[in-house]
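*Asks:* got a sequence here, can you model it:
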Amino acid sequence: MGVTIDLSGKAALVTGAARGIGRAIALRLAEAGANVALVDLEAGLCAEAAARVSELGVKAVALGADVADFAQAGAAAERALAELGRLDILVNNAGITRDGLFLRMSEQDFDRVLAVNLKGCFNFCRALARTMTKARAGRIINVASVIGITGNAGQANYAAAKAGLLGLTKSLAKEFGSRNVTVNAVAPGFIATDMTGALPAEVKEESRKAIPLGRFGTPEDVAGAVLFLASDLASYVTGHVLLADGGMAM
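*Replies:* So this is what the prediction gives:
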C-alpha cells in the first residue's frame, strides 16, 4: 500500500525556485497540496514557474529577490506570509557556482558563492524563525551538497558554503527543537540540471562511474527527499543530512 503525503492547508517558501531543483521542489510540494511562495533572482522565470505551480490547484506567489541581501530576503518572507497567510515549510535551495582552482579564485567569486549559498539560508531562516517558533511548528529544509561533505578540487568556495550549511542546519536543529521546528538538510549528488549540464563530457562520465546506482539524479529525486522531510512522516527527524546521491559519497 502506497503512502500519500498530504500537505493541504500548509504553505511553503522555496528559494531558487525558478528552475532546476527548486522548481521541482515547488511543484512536488504543490502536488501534495501546499500553497507555495517561489523566490528567485530571475523574476521572469520565477513567474513562469509559479504559473505552472498554480495549475495544480494551489495558490502560488512569485517573488523576485536576491537571497544574499538580508533586507530583500526579509521583505520576500513578509510578503509571502501576507499572501499565503502562513508559512509552515521553508526550503533554502538557492545556490550558485563560481568554480575555479583555488590559486586563481578571486575574492569576489569566493564571497558571492558564500553570500548566496550560505548567507541566503541564514537570511530566510532569520526572517521566519520567530514565526515558526512562535507557532511551535515548522519544517526547515536546506539543500546542501555532497561536495560539502567530500570537498572537490576547483570548488573550494562551493564546498565551504555547503559545509557551512550543514553546520548551520545542525545548530538550528538544536536551537529550534524545543519549539517543534525541525531543521534538516538534503545533500544531492550529481543532479542533471542546467548547472551540471555545462560540464565537459569526460567529467560527466567520470562522475557517473562513481555512482553505485549508475545514473545521474534528477531534480525530482531531490524533490522527493524534500517532500519526505517536509511531511509528518519526518516529524521525529531533525539535524539530519539526507544524501540524495545514488550512493556517490558512500
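*Asks:* assign Ile141 to helix, strand or coil.
*Replies:* Of the three states, Ile141 takes strand according to DSSP: H, G, I helix; E, B strand; the rest coil.
*Asks:* that one: neighbour count?
*Replies:* The local packing of Ile141 (other CB atoms under 10 Å) involves 27 other residues. (Each C-beta comes from the backbone N, C-alpha and C, glycine too.)
*Asks:* give me every residue that touches it.
*Replies:* Ile89, Leu90, Val91, Asn92, Val183, Asn184, Ala185, Val186, Val226, Leu229, Ala230 (CB atoms under 8 Å, 6 or more residues apart in numbering).
*Asks:* ok, now which ones touch the fifth one?
*Replies:* Contacts here follow CB under 8 Å, 6+ apart; on that basis Val183 touches Ile140, Ile141, Asn142, Thr169, Lys170, Leu172, Ala173, Phe176, Thr238, Gly239.
*Asks:* name the residues of the helix or strand of the chain with the lowest mean pLDDT that are buried.
*Replies:* None of the helices or strands of the chain scores lower by mean pLDDT, DSSP states H and E than helix 194-197, at a mean of 76. Using 16 or more other CB atoms under 10 Å as the test for burial, helix 194-197 gives Thr196.
*Asks:* contact partners of that helix?
*Replies:* With CB under 8 Å, 6+ apart as the test, helix 194-197 has contacts from Arg19, Gly20, Thr97, Phe190, Lys204, Phe216.
*Asks:* of the residues you listed - the most surrounded one?
*Replies:* Phe190 (22 neighbours).
*Asks:* nearest residue to the middle of the chain?
*Replies:* Asn93 (2.3 Å; CA atoms, centre = their mean).
*Asks:* for that residue, give me its contacts.
*Replies:* Val14, Thr15, Gly16, Ala17, Ile21, Gly22, Ile25, Val143.
*Asks:* tell me which strands the helix or strand encompassing Ala37 pairs with, and in which orientation.
*Replies:* Using DSSP states H and E, Ala37 sits within strand 35-40. Each strand that pairs with strand 35-40, with its direction, by DSSP bridges: strand 11-15 (parallel), strand 60-64 (parallel).
*Asks:* tell me where the chain has helices.
*Replies:* For the chain, the helices defined by DSSP state H cover 20-31, 43-54, 70-84, 107-114, 120-135, 147-150, 156-176, 194-197, 201-209, 219-230.
*Asks:* on that earlier part again, ok, the contacts of Val183 vs Val3, which is closest?
*Replies:* Ile141 (18.5 Å; CB to CB).
*Asks:* quickly note the distance from the closest one to Asn184.
*Replies:* 6 Å (CB to CB, to the nearest Å).
*Asks:* Thr193: what's it in contact with?
*Replies:* Applying CB under 8 Å, 6+ apart, the residues contacting Thr193 are Arg19, Gly20, Ile21, Pro219.
*Asks:* low pLDDT regions in the chain?
*Replies:* When residues are selected by pLDDT under 70, those of the chain lie in 1-2.
*Asks:* so where's the longest strand in it?
*Replies:* In the chain, assigned by DSSP state E, the strand with the most residues is strand 181-188.
*Asks:* all set, thanks.
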